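Novice: this one's structure only:
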């Protein structure tokens with residue numbers, strides 16, 4: 001009796017410890033993969049409290065405006081509305097991640113050319129800047145440049161101060177930003193010809 005019962009206990013213990021180790025290892029690997037894959041930068045631009053009058057009182061909700069970027073030229077914005085602030089921010093962040101655009105950057109630090117963007121009453125003007133200038137822009141526009149990875153830029157909001165219209169006008173301008181490589185590929189020319197022509201125009205001006 002004792003001889004038949006003795007081998008069973010180590011077998012059960014070894015099997016249990018092995019399966020537990022594999023389970024914990026799988027969970028840890030899953031968490032590490034999720035953490036390493038999420039390298040986006042998000043910034044909260046604006047939160048607005050909205051009240052709705054209903055029978056028996058008021059119902060409050062919150063709307064959030066969030067900008068998300070990877071610091072290498074990809075950026076997006078989103079809005080979210082919920083009864084609680086964290087849920088509104090989460091919805092806005094998810095929408096911003098889905099609607100990201102890629103903006104070509106010169107030397108990875110500034111824009112290729114000056115841009116003018118309009119949306120509704122919002123009007124923004126952005127200019128490329130030399131190294132060391134920094135980000136000279138106000139509130140919502142600064143959040144876009146920081147998350148996008150721009151280091152040197154001069155921007156000015158001429159129209160409304162509404163953060164939603166400012167963000168949308170900024171994105172309308174960034175969508176038309178072009179690089180010499182993209183223009184050369186569409187025209188069937190070399191990049192050197194496009195850059196040389198731009199240099200001649202600047203010297204003439």
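Specialist: Everything's here; your move. Note that the coordinates shown come from a computational prediction; the quantities given were computed from them, not determined experimentally.

Novice: just the helices in this structure please.
Specialist: Assigned by DSSP state H, the chain shows helices spanning 2-5, 8-37, 85-98, 139-148, 163-175, 180-187, 191-204.

Novice: Which of the ones you listed comes out lowest on mean pLDDT?
Specialist: Of all the helices of the chain, the minimum mean pLDDT falls on helix 8-37 (a mean of 41).

Novice: Please list all residues in contact with residue 162.
Specialist: Counting by C-beta atoms under 8 Å, 6 or more residues apart in numbering, residue 162 touches 121-122. C-beta coordinates here come from the backbone N, C-alpha and C atoms, glycine included.

Novice: and what of residue 154?
Specialist: Residue 154 neighbours (C-beta under 8 Å, 6+ apart): 126-127, 129, 133, 136-137.

Novice: what about stretch 94-113, start to end distance?
Specialist: End-to-end span of stretch 94-113 (C-alpha to C-alpha, to the nearest Å): 30 Å.

Novice: if I pick residue 111, what's in contact with it?
Specialist: Contact analysis of residue 111 by C-beta under 8 Å, 6+ apart lists 103, 105, 126-128, 150, 153, 177.

Novice: Dump those residues into CSV; add neighbour count as well.
Specialist: Output for the contacts of residue 111, formatted as CSV (neighbours: other C-beta atoms under 10 Å):
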residue, neighbour count
103, 23
105, 20
126, 25
127, 16
128, 19
150, 29
153, 23
177, 22
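
Novice: For residue 117, state which of these is nearest.
Specialist: Taking C-beta to C-beta as the measure, residue 117 lies nearest residue 126 of the contacts of residue 111, at 7.5 Å.

Novice: Good, wrapping up.
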